[in-house]
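Enquirer: have a look; sequence and predicted model below, questions after that.
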Amino acid sequence: MVQIQIRYEGDLRCHATHGPSGTALSTDAPVDNQGKGESFSPTDLVATALGTCMLTIMGIVARRHGWDLSEATVEVEKGMVATPIRRIGSLKVVIRVPAELDEAARKALELAAHTCPVHKSLHPDIQIPVEFRFGAAARS
């Protein structure tokens, strides 16, 4: 079990510390929800968690098979909705893997991304389209 300590700093900002490592980060409410938007918002962290989780699980599979994922990237575009309540409506994901991989490797990496724990933990009402670009298509 991992503990994260979070302190409200005032003015819609929080400071969080990761128990095991001591690493800290701050959040700020977004401009469209009364904040200054000077740091990640809590929902930005959800988008970040999705992208980093997908790439991490892909990395585990790639390491197991000896595939090169260096320079792979993930871009997540978060879309909010206001009704019936303010929440994340969509997380559009583009994963780019510059390595030239065969079809079996690409399919294994796609499956890994779709089965990451964050992806599986998100509410099914959140639209999560995922686009994969491999090889030369990843570099464009």
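Expert: That came through fine.
Enquirer: just the pLDDT for residue 136.
Expert: For residue 136, the pLDDT comes out at 87.
Enquirer: and the gap between it and residue 56?
Expert: Residue 136 sits 25 Å away from residue 56, going by Cβ to Cβ, to the nearest Å. Any C-beta I mention is one placed from the backbone N, CA and C, and that applies to glycine too.
Enquirer: those two: which is more packed in?
Expert: When residue 136 and residue 56 are compared for neighbours, residue 56 comes out ahead with 15 against 9, by other Cβ atoms under 10 Å.
Enquirer: list the buried ones in the top strand by length along the chain?
Expert: Longest strand in the chain by number of residues (criterion: DSSP state E): strand 87-97. By neighbour count with 16 or more other Cβ atoms under 10 Å, strand 87-97 contains the buried residues 88, 90-91, 93-97.
Enquirer: pLDDT (mean, whole number) over the helix or strand following it?
Expert: Per DSSP states H and E, strand 87-97 leads on to helix 103-114 as the next helix or strand towards the C-terminus. Averaging pLDDT along helix 103-114 gives 98.
Enquirer: angle of helix 103-114 against strand 87-97?
Expert: Helix 103-114 and strand 87-97 are oriented at 150 degrees to each other (axes from the mean of the first three to the mean of the last three Cα atoms, to 10 degrees).
Enquirer: export helix 103-114 to PDB, keeping only CA atoms.
Expert: What follows is helix 103-114, C-alpha atoms only, in PDB (Å, rounded to 0.1, in the frame of the first residue of the first chain):
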ATOM      1  CA  GLU A 103       2.800  -7.000 -36.400                       C
ATOM      2  CA  ALA A 104       2.900  -9.400 -33.400                       C
ATOM      3  CA  ALA A 105       5.000  -6.900 -31.400                       C
ATOM      4  CA  ARG A 106       2.700  -4.000 -32.300                       C
ATOM      5  CA  LYS A 107      -0.400  -6.000 -31.300                       C
ATOM      6  CA  ALA A 108       1.200  -7.100 -28.000                       C
ATOM      7  CA  LEU A 109       2.100  -3.500 -27.200                       C
ATOM      8  CA  GLU A 110      -1.400  -2.300 -28.100                       C
ATOM      9  CA  LEU A 111      -2.900  -4.900 -25.800                       C
ATOM     10  CA  ALA A 112      -0.500  -3.900 -23.000                       C
ATOM     11  CA  ALA A 113      -1.600  -0.300 -23.300                       C
ATOM     12  CA  HIS A 114      -5.300  -1.100 -23.200                       C
END
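Enquirer: many thanks, I have nothing further to ask.
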